[in-house]
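1. how would this look folded up:
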Amino acid sequence: MDQLEYDGVENVAGYLCHRLKNVLPHIVESGQSNNSYTWVNHLSEGGLTKPTPQFVEKVARMEKIFTDINKDSLYACKGYIQMLIDKARDIDCDQEAKKLFFRSRMFFEIRKLNANIAKFNYQKKRKISKFKK
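-> Got it, this is the predicted structure:
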């Protein structure tokens with residue numbers, strides 16, 4: 001995993017930590033650590049929740065499962081979230097964290113696909129309007 005991908009995974013893991021910090025306080029990095037300076041540190045200005053390196057590694061493994069199943073689209077089936085959670089059963093992570101991760105990634109992927117559709121439709125509409133003139 002290159003640095004850019006790691007930073008993205010760390011950002012998603014930070015979101016999960018923020019949402020689950022009251023339920024799962026062990027996934028949040030406490031105090032100042034001696035870890036290297038990352039993108040989350042740059043964006044934070046002291047306000048973002050920083051995940052532990054172990055939790056980031058678990059989120060990276062869940063991300064790999066998500067991308068392996070979905071490829072460049074979104075795999076649609078009944079019980080989608082539960083299927084992804086079942087695929088991630090060997091990852092030692094709380095069920096709530098897995099559920100929130102896969103729900104969030106599904107939402108992000110749907111937003112990306114909808115943006116691509118809107119962009120395609122806008123370009124198509126512009127081409128049609130040029131022909132009508």
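2. show me where pLDDT drops low in the chain?
-> Residue ranges of the chain with pLDDT under 70: 31-47, 127-133.
3. for it, what spans make up the strands?
-> For the chain, strands defined by DSSP state E do not occur.
4. residue boundaries of the helices in it?
-> 3-20, 39-44, 53-70, 80-87, 95-132 (DSSP state H).
5. closest to Ile27 out of those?
-> Closest of those to Ile27 is helix 53-70, at 4.3 Å (criterion: C-beta to C-beta). C-beta coordinates here come from the backbone N, C-alpha and C atoms, glycine included.
6. Any buried residues in that closest one, and which?
-> Phe55, Val56, Glu57, Lys58, Val59, Ala60, Arg61, Met62, Glu63, Ile65, Phe66, Asn70 (16 or more other C-beta atoms under 10 Å).
7. would you list the helices of the chain in a markdown table and tack on distance to Glu29?
-> Formatted as a markdown table, these follow (distance: least, C-beta to C-beta, whole Å):
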| stretch | distance to Glu29 |
| --- | --- |
| helix 3-20 | 8 |
| helix 39-44 | 10 |
| helix 53-70 | 8 |
| helix 80-87 | 25 |
| helix 95-132 | 15 |
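8. of all the ones you listed, which lies closest to Ser30?
-> Counting by C-beta to C-beta, Ser30 lies closest to helix 3-20 out of the helices of the chain; the figure is 11.1 Å.
9. Please state the offset of the closest one from the chain centre?
-> With C-alpha atoms, centre = their mean, to the nearest Å as the basis, helix 3-20 stands 7 Å off its chain's centre.
10. what's the distance between Val9 and Phe66?
-> For Val9, the distance to Phe66 equals 11 Å [C-beta to C-beta, to the nearest Å].
11. same question, Leu48
-> Going from Leu48 to Phe66 by C-beta to C-beta gives 22 Å.
12. And Ala76, by the same measure?
-> In terms of C-beta to C-beta, Ala76 sits 14 Å off from Phe66.
13. ok, now Met1?
-> In terms of C-beta to C-beta, Met1 sits 14 Å off from Phe66.
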